[in-house]
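everything below, folded, please.
(chains A and B)
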Amino acid sequence: MSVKTSDLMEMFVFETSQNIKQLEQIILNTEKNEGFSESEINEIFRLTHTIKGTSAMMSYTDIAEVAHKAEDLFFFIRENPGEPYDCFRVSDIMLNCVDYISGVLEKASLGEKEGVQKNTSLISEIEKALCEINSPRSALAKRGEMRADIKAPFTNAFRAMVYFDEECGMENLRAFSLLENMEDESVSGYSPHGIFDDQSSLYIRKKGFLICFESKKSYGELHKMFLSQPFVREVDLNLTDIEKCLEQKRERETLLVLEGFGGGTAKLPEARNHSNKQENHNTPPYIISLNVSKIDKLIKTVGEIARAEALVAENPDLVGLELPSFKREANKLHKKIAEMQDIVTSMRLVPLAATFQKLHRVVRDMSKRQNKVISLELFGEEIELDKNIIEQLSDPLMHLVRNAVDHGIEDSEARLANGKERRGVITLGAYGKRGEVNIVVKDDGRGLDTKKILEKAKQNNLLPVSESQLTEKEIYSLIFLPGFSTNESITEFSGRGVGLDVVTQNISSVGGTLSVESEKNKGTAITIKIPIRPVK
Amino acid sequence: MISVLVVDDAAFMRLAIKNVLEKSGFKVIADAKNGEEGVEKYLEYRPDIVTMDITMPDMTGIEALKKIREADPDAKVVMISAMGQERMVKEAILGGAKSFIVKPYKEEHIVQTLLKIAGAK
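Alright, predicted model coming up:
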C-alpha cells in the first residue's frame, strides 16, 4: 500500500500547523509569565525539532532552516540555564518564525510552492540573538566541545548499540575509550552508566553498550567510524528522535551527560520499559483527526438509515398484523439508531478553545502597537459547537475583540486618569444555556457613547422611530445595522475597514443573535447567542 | 608500511609483539625497555604507532604516554595492560591512548587493533 504524496502533504500541513499553533500558544504564555520555564523550553525545543524534521522531509527547506535556527536558539537556552537573555526579544523572534511558517504552510495548503521567499532576515535575526546570548563568557564557549556544530547544517540524533569483540577484555573501558574518541559527536547519554564497574563490563559483553548522540555526520560515515574503533565487532546504529533520547535520559538516571563520569553508583539498568508513557498532553493518543467530509457522509448515511428504519417498522404491509416480538425488536433498533444519530452529530462538535486562543495573539500584537496594556481572559473554552458554527464565529469574534482593543480599552494614561487600573481586561467567554450557547466579548473600557451612535444613525437614515422612543439598549443595537458603520474608521465603534454588520451577517447565518450592554466608563459587553446545532 | 615502536620492560614481550607484527606486515622500527627510552625513541624515529606496556620501572607507561602526547599531540599510542589494571587503563585513555590490549592477548587482537588505529585519521 503506497501513500499518496497529496495525503502526505495534507498530513504535513495539518500536523505542522498544529505544532505551530502549539508553539505560538506556549510563547504567548511565557510572555505573561515573563520568562521560559524549563518545561516550556523543552517543549519549544521539541516542537521546533519536529517541525524541522518533517519539513525537511517534505523538502520545505525554508521552513526547515528557520525551525533549525530556532531549535539551536532553544538548545542553547536549554543547555545553559542561568545564562541571561531577553525573553521578550526571543518571543518576538519566535512569533516571527510562527508567522513565517504559517505563511508558507498556507501557501502549501493551496498547492503553491512557488513564491515562497527565503526568509534570510529572520534567520540572521535568530543568529544574531544567539550570538548575543552566547557571549564569550558563556558556559558553552567555556566547554567548547559541547556543541561545536551549533551553526552547522542539520544535526541528527542517533542511537548506537555497540558490541565488542569477545575476549577483548575490560569492555567497560572499551566503552569509555569509545566515548573519548567520539569527540566530533555530542553524546547525550549512554548505558550502562556505571562503566567503571566490573559488573558493567559483563553487561556490555552480553548486551552491548548503548550510546545516544547527535552528529552532523551521515549514517554511513558514523557506521564506518564505529567499526573503525578497535575491538568493535558490530554496531546497531539507528537514527532516532532526540526527544526519545532525552526521554530516556530523564526516565532512567543511568544516562548522564559525559561530565558526570566517575560516580561509582553503578547499577545494571533495568530492562527498558518506557512503555508509551505519553506525558505530552497536547496530543493525547486517543484523538485522531478525520476529514470532515467523511463525518458528513456518515451523518447523511445514518440519516438515511433512520428513514429506512421508519419505513420498515411502519410499513403499510404490517397493518393489522399481530407482531409482538417484531415490534419489540424494531423498537430496540429504533432506539439504537437514534443513539447513533446523536453520537454521529456530536462528532462534528469542536471545542471553542482554538478559536478563542488564537485571539491572544491578536490582542498581544495590537496592544503592543497601540501602547496599551491589555490582557485577554478566557472562560468556557471547553464548550463545544458544531464545526460549521465555529468557523462562522471565528471572524466575528476577531472583529469584536479588535474593536474592544481599538476603541473599547482606553490608553494607559486615560485609564489612570479615570481611576482605573493601567491594565485593561478583555474577557472572552462562553456559557451554555438551554440549548444555546452564549459567547460574550466584554471589555472594561470607556463604554459606548449613545450620543455618537444616534448622530451616526441619523446621518445614515437608520433611525426607525424618533430617538426619544428608543431605550438605551435599542440605541446600542443600532451599531449592528447594515450600513451603520462605513469603511472609514471614524465612529466610536467601527472596526478596521469593515463594519460590524459583517459580524451580524455571519452570526445570523448560523441562526445566532447579538445583543449589547454598555455602561459609560465601565465597559461594553457584546453577547452572541447561538443554537448548538447548525440551522439547515 | 606501518612503522611501530614497541615499549616493554620484558624482553620476551618485546620479541613476542615484534614477531606478531612483522609476520603481519608491520615494520617494528625500534623498541625500548622503559618509559624514558620510549619517549626518546619516539622522538627519534617518529613511528606511526607505539605499543606501550603500562607497568614499567622508572617511568611508567602512562607517564611516557603523556610525555609523547605532549611532544606530538597526534601520536598514536596503544597500551598493553594486564588484567586488573582498570584504573590505569582509564587514566591512559584520559591521557590520550588510542586503545588498549589486555594480556594475555590473541595475536589477531594486536594486529586488528593496530590496523584500525593506523587507518583512523
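
domains for chain A, by residue range?
Chain A breaks down by automatic domain parsing into domains covering A:5-148, A:156-258, A:292-347, A:350-531.

out of these, which gets nearest to chain B?
Closest approach to chain B among the domains of chain A is made by domain A:156-258 (3.2 Å; Cβ to the nearest Cβ). Placement of C-beta: from N, CA and C, glycine included.

for B:Pro57, find the nearest of the domains of chain A.
The closest of those to B:Pro57 is domain A:156-258. By Cβ to Cβ, the value is 23.6 Å.

now for the residue in chain B that chain A sits nearest to: which residues touch it?
Using Cβ to the nearest Cβ, the single residue of chain B nearest to chain A is B:Val102, 3.2 Å away. The contact partners of B:Val102, taken as Cβ atoms under 8 Å, 6 or more residues apart in numbering or on different chains, are A:Cys168, A:Gly169, A:Met170, B:Ser81, B:Ala82, B:Met83.

report the two of those residues separated the most.
Greatest spatial distance among the contacts of B:Val102 (Cβ to Cβ): A:Cys168 and B:Ala82, at 14.5 Å.

okay, those two: which has more neighbours?
Neighbours per residue (other Cβ atoms under 10 Å in any protein chain shown) separate A:Cys168 from B:Ala82, with A:Cys168 holding more: 23 against 14.

in a strand, the more buried one, correct?
No. Going by DSSP: H, G, I helix; E, B strand; the rest coil, the assignment for A:Cys168 is coil, not a strand.

show me where chain B has strands.
Under the criterion DSSP state E, chain B contains strands at B:3-7, B:27-32, B:49-53, B:77-82, B:99-103.

contacts only, for the one residue sitting closest to the centre of chain B.
In chain B, the residue lying closest to the centroid (Cα atoms, centre = their mean) is B:Thr51, at 1.3 Å. Contacts for B:Thr51 (Cβ under 8 Å, 6+ apart) come out as B:4-8, B:17, B:77-80, B:101, B:110, B:114.

repeat for A:Phe36
Applying Cβ under 8 Å, 6+ apart, we find A:Phe36 in contact with A:Thr30, A:Ile44, A:Ile77, A:Cys87, A:Val90.

inside helices: which ones of those residues?
Those of the contacts of A:Phe36 mapping onto helices are A:Thr30, A:Ile44, A:Ile77, A:Cys87, A:Val90, per DSSP state H.

so which residues on chain B come close to chain A?
B:78, B:81, B:83, B:86, B:89-90, B:93-94, B:97-100, B:102, B:106, B:109, B:112-113, B:116-117, B:119-120 (Cβ under 8 Å from any Cβ of the partner chain).

any quick ChimeraX command for the buried ones out of the residues you listed?
Those of the residues of chain B next to chain A that count as buried under 16 or more other Cβ atoms under 10 Å in any protein chain shown are selected in ChimeraX with:
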select /B:78,81,86,89,90,93,97,98,99,100,102,109,112,113,116,117
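
next secondary structure element downstream of the helix-or-strand element of chain A with minimal mean pLDDT?
When each helix and strand of chain A is scored by mean pLDDT, DSSP states H and E, helix A:139-143 comes last, with a mean of 39. As assigned by DSSP states H and E, the chain's next helix or strand after helix A:139-143 is strand A:156-164.

adjacent strands (with direction) for that next one?
strand A:209-215 (antiparallel), strand A:232-240 (antiparallel) (DSSP bridges).

in chain B, which spans are helices?
B:11-23, B:35-45, B:61-71, B:86-94, B:107-119.

tell me which of those lies nearest to A:Pro81.
Closest of those to A:Pro81 is helix B:86-94, at 27.6 Å (criterion: Cβ to Cβ).

just the strands in the stretch 351-500 of chain A please.
A:374-379, A:384-386, A:424-433, A:436-443 (DSSP state E, counting those that start in this stretch).

confidence-wise, which of those strands is weakest overall?
With a mean of 86, strand A:384-386 has the lowest mean pLDDT of the strands of the stretch 351-500 of chain A.

ignoring the adjacent residues along the chain, who's closest to B:Lys33?
Using Cβ to Cβ, 6 or more residues apart in numbering or on different chains and skipping residues adjacent in sequence, the residue nearest B:Lys33 is B:Asp9, 5.5 Å away.
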